[in-house]
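In: Okay, structure incoming, though there's no sequence with it:
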């Protein structure tokens, strides 16, 4: 069974909630034991904040402009996103929200022309994909 982001987030919360070094080490050891070999690197990157910082740096390097909290970037990165579902949302301009979205990997073997378009996401939401 794959390690869930909720498990990693739980370990992170447990580490943050205690000042005891042994409890911190135990929480980290538990989540790392649950991880498959190919999951260790992303789990460590997520727990250390490296993944978030790397993603932030990659996107800000491509920023063209900003509107409020929305940062517009040049379409140069292809990112594989794992999701549990798509639902209708009035909060986002596209009219859809991804459930439990998480970055799987950056696809350096793909160009933006290879990426799915919004219509593919909306088809998943509408059950027509």
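Out: Happy to help now that I have it. Remember, it's a predicted structure, so these values are computed and weren't measured experimentally. Numbers count the residues shown, from 1 in each chain.

In: only C-alpha atoms for contact and neighbour calcs from this point on.
Out: Fine.

In: Show the residue spans covered by the helices in this structure.
Out: 5-17, 21-34, 40-48, 50-60, 118-126 (DSSP state H).

In: now those in CSV, with mean neighbour count?
Out: Formatted as CSV, those follow (neighbours: other C-alpha atoms under 10 Å):
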stretch, mean neighbour count
helix 5-17, 15
helix 21-34, 15
helix 40-48, 15
helix 50-60, 14
helix 118-126, 14
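
In: quick one: least confident helix or strand in this structure?
Out: When each helix and strand of the chain is scored by mean pLDDT, DSSP states H and E, helix 50-60 comes last, with a mean of 82.

In: same for it, what does it pack against?
Out: helix 40-48 (3 or more C-alpha pairs under 8 Å, 6 or more residues apart in numbering; DSSP states H and E).

In: Got the domain ranges for this structure?
Out: Here the domain parsing of the chain from automatic domain parsing is 5-48, 54-126.
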